[in-house]
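Asks: model the structure of this input:
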Amino acid sequence: MKIAIDIRAIGRQRTGDETYTLNLVKNLVEIDDKNQYLLLTDTNNDEVLKKIREKIFGVQRKNNFEIKSVLPASKIFWTFFSLPTFLKKNPVDVVHVQYITPWWLPKKTKLVTTIHDVSFCRLPKFIGFLDLFFLRLLIPISLKRANRIIAVSEFTKKEIIDCFKISEEKIVTVSNGGAGADFLVQKTQTEKQAVRKKYRIEGDYLLYVGTAQPRKKIPMLLDAFCRLKNEFGKDNPTIKRIKLVFTGARNSRNYDRLIADKLAEIKRKQPAIFNDIVEAGFVEAADLPALFQESLAFVMPSSYEGFGLPIIEAMASGVPVVCSDIPCHREVAGDSAVFFDLANEADFAKKLFEIIMNDDLRSKLIERGKYKSKSYNWENTASKTLKVYDALF
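Replies: Next up is the predicted model:
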């Protein structure tokens, strides 16, 4: 087969999308010597292309994989004109994209799309007007056009069926892989200290890693952290010293403006607690393993997720996890995390206290988490995705 994969997410600081694309392609490189691959990006900048090659191939080269620049690069124009035009001149058997698909392709080309979540369907108020307009218009058409839909969890599969009335037979669940190899190797003290210095982190800290979208509930995390400090920190030096580190760039798409408001409020009313909060912004992928390994616990307060990869990365790093009690988190984490009620800030703060102070609980979760994280790996994701391609013929 000749397979084209949209790799535009690589190098774009798009967190989950980039992690998925990069790890899927890297592992296809490792396991598939038979099929021919065109890896399609929308840049012809030599330096950018060099970095993409290094991320995918490292020092090796594979003759059956080729990176192709497809232009013009405008986002919607690329999907609806540049990509189909390229594939008409360079026919393939399968084209694999994420979410929105081209409206026309050569007749013999099979179409696969990966859906990570349908949060825009369940939580439309958190999506910008233009984004919501295009998603509501284009996703239903894309799902109908696709020959196969890859859902990254059973929860996402059920959501696709429920929201868009797509036949179950058309959807294949292929779980995201686990933590990358970097998470499984302990970083040196020098490397850890360098990351701490880079992001201005001192002492023990709770960690959140992810985007700063409204569904991630970072303002609730900030409130729960303040409550933890106020209710449990007066006579407890451990709680009094604990910090909170959270990621997410302020210039990112659909940034939650309430985060800035909440931080300003805390700074005004509770300056001592504000000084224990570190807004790290966008964190380079290379820095994440050290950031996880140095943390006391990982916190995932989202109201909606399609998978929740940072939970697996935390577990693989030997870090206990506290997360919101939502279906996706239950599916991914199982009995290897502590769950809190999203509607109960007091419960959230209490669970944070327990994960910090209860050594037996911490040890149990770390052990279970390491075991659980091993059930997810990107080679399995690539292998199952390859089976999806094969099954189309």
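Asks: next SSE downstream of the helix or strand where residue 141 lies?
Replies: Using DSSP states H and E, residue 141 sits within helix 129-145. Using DSSP H and E, the next helix or strand after helix 129-145 towards the C-terminus is strand 148-151.
Asks: now for that following strand, which elements pack on it?
Replies: Judged by 3 or more C-beta pairs under 8 Å, 6 or more residues apart in numbering; DSSP states H and E, strand 148-151 is in contact with strand 110-115, helix 154-164, strand 171-173, helix 378-390. Just so you know, the C-beta spots here come from the backbone N, C-alpha and C atoms, and that holds for glycine as well.
Asks: the longest one vs strand 110-115, what angle?
Replies: The reference is to helix 378-390. Computed by axes from the mean of the first three to the mean of the last three C-alpha atoms, to 10 degrees, the angle separating helix 378-390 from strand 110-115 equals 140 degrees.
Asks: with the second one instead?
Replies: Compare the direction of helix 154-164 with that of strand 110-115 by the same axes, to 10 degrees and you get 110 degrees.
Asks: next one: residue 49 from residue 188, what distance?
Replies: The spacing between residue 49 and residue 188, counted by C-beta to C-beta, to the nearest Å, is 32 Å.
Asks: ok, those two, which is more surrounded?
Replies: For residue 49 versus residue 188, neighbours defined as other C-beta atoms under 10 Å are more numerous around residue 49 (15 against 10).
Asks: returning to that earlier point: in the helix holding residue 141, what counts as buried?
Replies: 132, 134-135, 138-139, 142-143 (16 or more other C-beta atoms under 10 Å).
Asks: tell me the SS of the residue lying closest to residue 281 once chain neighbours are set aside?
Replies: Of all residues beyond its chain neighbours, the one nearest residue 281 is residue 249 (5.3 Å), with distances taken as C-beta to C-beta, 6 or more residues apart in numbering. Look at residue 249: counting by DSSP: H, G, I helix; E, B strand; the rest coil, its state is coil.
Asks: possible to save the buried residues of helix 129-145 as TSV with distance to residue 86?
Replies: Formatted as TSV, the buried residues of helix 129-145 follow (distance: C-beta to C-beta, whole Å):
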residue	distance to residue 86
132	29
134	22
135	24
138	20
139	23
142	18
143	23
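Asks: and the lowest-mean-pLDDT helix or strand in the chain, how far out from the chain middle?
Replies: None of the helices or strands of the chain scores lower by mean pLDDT, DSSP states H and E than helix 75-77, at a mean of 83. Relative to its chain's centre, helix 75-77 lies at 23 Å (C-alpha atoms, centre = their mean, to the nearest Å).
Asks: what residues does it touch?
Replies: residue 134 (C-beta atoms under 8 Å, 6 or more residues apart in numbering).
Asks: and it, which residues are buried?
Replies: Per 16+ other C-beta under 10 Å, helix 75-77 contains no buried residues.
Asks: with stretch 147-155 instead?
Replies: Buried residues in stretch 147-155, counted by 16+ other C-beta under 10 Å: 147-153, 155.
Asks: can you list the domains in this structure?
Replies: Annotated domains of the chain cover 2-177+377-390, 181-373 [automatic domain parsing].
Asks: what's the end-to-end length of the longest one?
Replies: Spelled out, that is domain 181-373. Terminal residues of domain 181-373 lie 12 Å apart, using C-alpha to C-alpha, to the nearest Å.
Asks: and it, how far out from the chain middle?
Replies: Centroid separation for domain 181-373 versus its chain: 15 Å, with C-alpha atoms, centre = their mean.
Asks: and stretch 182-202, how far apart are its ends?
Replies: End-to-end distance for stretch 182-202, by C-alpha to C-alpha: 23 Å.
Asks: from residue 144, how far out is residue 43?
Replies: According to C-beta to C-beta, residue 43 and residue 144 sit 30 Å apart.
Asks: with residue 205 instead?
Replies: 46 Å.
Asks: for residue 336, same thing?
Replies: Plainly put, residue 336 is 37 Å away from residue 144 if you go by C-beta to C-beta.
Asks: same deal with residue 192?
Replies: Residue 192 is 49 Å from residue 144, where distance means C-beta to C-beta.
Asks: try residue 322
Replies: To residue 144, residue 322 is 39 Å away according to C-beta to C-beta.
Asks: ok, back up a step: just the buried residues of helix 129-145 now: which is nearest residue 241?
Replies: Nearest to residue 241, judged by C-beta to C-beta, of the buried residues of helix 129-145 is residue 132 at 42.5 Å.
Asks: per-residue pLDDT, residue 15?
Replies: Here the pLDDT value assigned to residue 15 is 67.
Asks: ok, residue 143 next?
Replies: Looking at residue 143, its pLDDT stands at 97.
Asks: how much space separates it from residue 114?
Replies: According to C-beta to C-beta, residue 143 stands 12 Å off from residue 114.
Asks: same question for residue 108.
Replies: 22 Å.
Asks: more crowded one of these two?
Replies: Each of residue 108 and residue 114 has its neighbours counted (other C-beta under 10 Å); residue 114 has more, 24 against 8.
Asks: got a pLDDT number for the closest residue to that one other than its chain neighbours?
Replies: Nearest residue to residue 114 in three dimensions, chain neighbours excluded: residue 150, at 4.4 Å (C-beta to C-beta, 6+ apart). Listed pLDDT for residue 150 reads 98.
Asks: okay, and the beta partners of residue 150?
Replies: Under DSSP bridges, the beta-bridge partners of residue 150 are residue 114, residue 172.
Asks: make sure it is actually in contact with residue 385.
Replies: Yes: Residue 150 is within contact range of residue 385, at 6.8 Å (criterion: C-beta atoms under 8 Å).
Asks: what do these two both touch?
Replies: By C-beta under 8 Å, 6+ apart, the residues touching both residue 150 and residue 385 are residue 174.
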